[in-house]
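Asks: build me a model from this:
(one chain, ligands or ions: 1)
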Amino acid sequence: MTTDARAHQARKRFGQNFLHDAVVVDRIVDAIDPQPGQTIFEIGPGQAALTGRLIERAGHIHAVEIDRDLAAILRRRFDDTQLTLIEADVLKIDWHAAASKPLRLVGNLPYNISTPLLFALWPIADRVIDQHFMLQREVVERMVAPPGSKVYGRLSVMLQFRYHVSKLFDVPPEAFKPAPKVTSSVVRMHPRPVHELPDVNASIFARVVAAAFGQRRKILRNALAEILNADEIRDAGVDSQARAETLSVESFVDLARRAATKTLTPECRLA
Ligand code: SAM
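Replies: Numbers count the residues shown, from 1 in each chain. The predicted structure follows:
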């Protein structure tokens, strides 16, 4: 860590828990395996725990950092041939303008925005090679949860529909300064290739999943009442008495396909 970085006070509102365990940093960078020529984009470089090692391996990376003080420190430490830094809120990035080549996204994510960020990246999955993120373990458990699990929900279905998601390893609170209250985990996400994706309207799929989990304790015929009636749910091969948390991703696809065939009245239009 540089003197500049040592003087920086961690800001809670930006979810700043800085990695300071070199073994963990190496383990994450080894999992990413950065190579020269790849378009690597780090979210929240902070005090550069990962950034420095990523640049050593890849030569150059892109990063987006919201904290101006940290951005100034990063600019002093790395020149333009090593780091292309965007000073911005990652949730407002126009990814199409940010990079033209397929992206490798990495980051020890600020926990307060991790779920909205995962949803914000969903529509650009076709432009992404892979994503390696450190998140709260509880969020990673939701991301990889199978149907029937207590933590299986909208996040699990939406991400598993679009990505192969695998948890790599846990990282204890002591690896960070300041130490967070919870354990973290590193997750790897590979977007499914387009030919592997089910042929279904993605916005209808998203709407069906949101409605089904919006009223978690309700059986499907009630939760989906504005989209599909009980007969239509059965037509899709799904039990209308079931609850969303027991349904596979494929069953949600079947429901979305059935919804797509309907002549929709204005009040239940899906798109
Ligand atoms: N990568 C560093 C590390 O591993 O030590 C810092 C990780 S820290 C958990 C999260 C970083 O994301 C901080 O540098 C924080 O300022 C930055 N950050 C927080 N919210 C952000 C946002 N909306 N857009 C971009 N960066 C953000």
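
Asks: for Ala125, grab the count of nearby residues.
Replies: Using other Cβ atoms under 10 Å, the number of residues around Ala125 comes to 18. For glycine as for every other residue, the C-beta is placed from the backbone atoms N, C-alpha and C.

Asks: in contact with it, which residues?
Replies: The contact partners of Ala125, taken as Cβ atoms under 8 Å, 6 or more residues apart in numbering, are Arg162, Tyr163, Pro191.

Asks: am I right that it falls within a strand?
Replies: No: using DSSP: H, G, I helix; E, B strand; the rest coil, the assignment for Ala125 is helix, not a strand.

Asks: related to what we said a few turns ago, just the contacts of Ala125 now: which is nearest Ser240?
Replies: Arg162 (26.2 Å; Cβ to Cβ).

Asks: what's the pLDDT at the closest one?
Replies: You'll see Arg162 listed with a pLDDT of 97.

Asks: same question for Ala7.
Replies: In this prediction Ala7 is given a pLDDT of 69.

Asks: same question, Thr2
Replies: pLDDT, Thr2: 65.

Asks: for the one 10 residues further on, same thing?
Replies: For Lys12, the pLDDT comes out at 83.

Asks: one step back: identify, from the contacts of Ala125, the entry nearest to Pro178.
Replies: Tyr163 (30.9 Å).

Asks: quick check: residues of the chain near the ligand?
Replies: Within reach of the ligand by Cβ under 6 Å from any ligand atom, the chain has these residues: 14-19, 44-47, 49-50, 64-67, 70, 89-91, 108, 110, 113.

Asks: got a ChimeraX select line for the buried ones in those?
Replies: ChimeraX command restricting the residues of the chain next to the ligand to the buried ones, with burial defined by 16 or more other Cβ atoms under 10 Å:
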select :14,15,16,17,18,19,44,45,46,47,49,50,64,65,66,67,70,90,108,110,113
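
Asks: for the residue of the stretch 151-271 of the chain found nearest the ligand, give its distance to Gln136.
Replies: Among all residues of the stretch 151-271 of the chain, Phe176 sits closest to the ligand, at 7.2 Å; criterion: Cβ to the nearest ligand atom. Taking Cβ to Cβ, to the nearest Å as the measure, Phe176 falls 12 Å from Gln136.
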